[in-house]
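# Fold the following.
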Amino acid sequence: MRGETAEPGGFADDTFDEDAYLAAQAGNPTAQAYFHIATAVAAAVFGDGPALDRHVAALPPLWPHLPAMYSNAAGNAMITLSAAARARAASGAEQDAALAELDRGREFLAARSADQPGNFRHLLHLAEAERAWATGDFATAAAGFDAAARDAARSGWPWHASLAAERAGLFFLAYGMEHIGQRLLAEAYDGYGAWGAYAKVRRMERDHAFLAAPRAKPSRRAALVTTQSVNVSTQMIDLLAVLEAARALSSETDLDRLRRRVAEVLSAMTGATAVQVVLWDDRSGGWVLPGDDGRPTLSLPEAAECGLLPMTALRYAERTREPMLVDDVSRDDRVARDPFLAGVRHGSMLVVPVLSQGVPRAILLLENRLTRAAFSLGRLDAVLLIAGQLTVSIDNALVYASLEGKVAERTEELAEANRRLELLTVTDPLTGLANRRRLTDVLEAEWWRGLRTGEPIGLAMIDIDNFKKYNDHYGHQGGDECLRVVAQCLQASVRATDLVARYGGEEFCVVMPDVDPDGALRVAERACRAVADLHLPHAAVDGGIVTISIGVTSCVPLPGALPDQLIKTADEVLYEAKRAGRNRVAAYHDPDPNAGR
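From the prediction side, this is the model:
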């Protein structure tokens, strides 16, 4: 359109070949459809009938792969222009066939216009005017072109308004009505220039000499002398803003940050006073409004019940998978009775579904309660481009969140494995008690703590009486089970602050922090009685049950002494208990652990 390709109105240049591009997109019918619509629009603007016919002829088999409503509308509008031109040049059966094709495109536009007149009514008027022109119905054609030019000027689509004015101008010139025809062409000329289609402007100057004459529009002529020094148009500025916003959104990998960034971008670009992003949640199989500012995530019905969303508008977008543009929420029957809008006297709304492979993944809700008709079709174009980037960004954020979840899960699993491994290194695998290593660490820690605080520490050494005979009689498996039962009994009989450890073989040790000799003796006697009360059979000894002998001591740690001496003292006392007849406790009360040396 700006004349930067080899042929004005064509796409080909040194960097782009149309045939090569289509061949590369052989497996992507959606991309092919978009290409043919874009090239058809260019052909219609530049009046290239053969190119327009060629591109619209390629569209019918591609319609099922084109979910975007606005692209469908543009494509059908191009079909009506192509068919109308062929109908004017033909007669008989050929004209009837062209008119039938035109009518199919017009029916599509009529259906869309019934849903959203502000978006599509001007295209319907243009199709009806072109049909009337093709059949020689001047009055209907004149009224249609007038309505198309009027409504297109309000649509916010610069090229729609310019094309409608140009087609109307050509129609009136064809009937010899130069004054009105030239005024309409001048209006189209100005519109194309403001849009930035400078190649089209030069083409119109070539085809219509009055536009190039200084007397026609000097100020306009001066503004369009050369394409080398033309200012960037509003549409180009919008496109730059969209590109910058898309770049910013593409870098977001966190779903919450992405949602907030989308709201910021769309508010700045469209003037929306509120922007909501509703997301599809695969886990619940429904739409949710993400939590914000302390509010939890809500399902769509919950959010609607709380007055946070218009259920009817969102269901419409979900069902049709098409944008909904509401110029006046108080008068539009599709949403006016929604409880969300109760009491809203004026305002506008734009609802845009965000599709991924044709499936809705999010819905954008833009509101402006300050004015009606706040969202033009031009602004809708920008939102649709943002929605296209948002599709990719949402998928990326979901993938990233899934990866983060898996990493967190693996990290927790690794931490749990490390905890289990650490536990195994300090646990006796047979009895589940602390092992010798854990006993040494705890005893040293309590010893040094006692040195600082002056608190006593007690220790009991325990031996299962006649365990070798038990093992010989019941076998090793029976001996292992005996060790486990005794270990559980000892663990249950001591204080919660005491450590019970397997010292080795059939020997156990109990570390009793902050306990004096009397207290240590009471703990040891309770443990001795508990094992005897089990009445665990021991057929190889007199008495017939399993018993234990315990040596117990307690002292306040003294400088220069070591915790190993506490074990040595308790062990010596243990053998005194065994020599005295077993199944008993022997205590050593000297506070100096070095006394036994």
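# Strands of the stretch 301-450 of the chain, residue ranges please.
Counting by DSSP state E, counting those that start in this stretch, one finds strands in the stretch 301-450 of the chain at the ranges 324-326, 348-356, 359-368.
# As a markdown table, the ones you listed with mean pLDDT, mean neighbour count and distance to Ala587 would be great.
Placement of C-beta: from N, CA and C, glycine included. Shown next, in a markdown table, are the strands of the stretch 301-450 of the chain (pLDDT from 0 to 100; neighbours: other CB atoms under 10 Å; distance: least, CB to CB, whole Å):
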| stretch | mean pLDDT | mean neighbour count | distance to Ala587 |
| --- | --- | --- | --- |
| strand 324-326 | 86 | 25 | 89 |
| strand 348-356 | 83 | 23 | 78 |
| strand 359-368 | 84 | 21 | 76 |
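# Let's have the ones you listed in JSON lines, adding distance to Val541.
Converted to JSON lines, these look like this (distance: least, CB to CB, whole Å):
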{"stretch": "strand 324-326", "distance to Val541": "91"}
{"stretch": "strand 348-356", "distance to Val541": "78"}
{"stretch": "strand 359-368", "distance to Val541": "77"}
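# Which one of those lies nearest to Phe11?
strand 348-356 (25.9 Å; CB to CB).
# Listing partners with orientation, what would you give for the closest one?
Taking DSSP bridges as the criterion, strand 348-356 forms sheet pairs with strand 324-326 (antiparallel), strand 359-368 (antiparallel).
# Identify whichever of the strands of the stretch 301-450 of the chain lies nearest to Glu444.
Taking the strands of the stretch 301-450 of the chain one by one with CB to CB, strand 359-368 is closest: 60.3 Å.
# Using PDB, write down the CA coordinates of that closest one.
Extracted C-alpha coordinates of strand 359-368, given in PDB (Å, rounded to 0.1, in the frame of the first residue of the first chain):
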ATOM      1  CA  VAL A 359     -10.100 -23.700  21.200                       C
ATOM      2  CA  PRO A 360     -10.800 -20.800  23.700                       C
ATOM      3  CA  ARG A 361      -8.000 -20.600  26.300                       C
ATOM      4  CA  ALA A 362      -8.900 -17.100  27.700                       C
ATOM      5  CA  ILE A 363     -11.400 -14.300  27.300                       C
ATOM      6  CA  LEU A 364     -10.500 -10.600  27.500                       C
ATOM      7  CA  LEU A 365     -13.200  -8.300  28.900                       C
ATOM      8  CA  LEU A 366     -12.700  -4.600  28.400                       C
ATOM      9  CA  GLU A 367     -15.100  -2.000  29.900                       C
ATOM     10  CA  ASN A 368     -15.500   1.700  29.700                       C
END
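# And for that strand, what's in contact with it?
262, 266, 270-280, 287, 309-310, 313-314, 317-318, 321, 347-355, 374-375, 383, 387, 390-391, 394-395 (CB atoms under 8 Å, 6 or more residues apart in numbering).
# Please pick the buried ones from these.
If you count burial by 16 or more other CB atoms under 10 Å, the buried members of the contacts of strand 359-368 come out as 262, 266, 270, 272, 275-280, 287, 309-310, 313-314, 317-318, 347-355, 374-375, 383, 387, 390-391, 394.
# next SSE after whichever strand or helix holds His36?
Using DSSP states H and E, His36 falls within helix 29-45. Using DSSP H and E, the helix or strand that follows helix 29-45 in sequence is helix 49-57.
# What residues of that next one count as buried?
By neighbour count with 16+ other CB under 10 Å, helix 49-57 contains the buried residues Ala51, Leu52, Asp53, His55, Val56.
# for that helix, packing partners?
Counting by 3 or more CB pairs under 8 Å, 6 or more residues apart in numbering; DSSP states H and E, the packing neighbours recorded for helix 49-57 are helix 29-45, helix 69-89.
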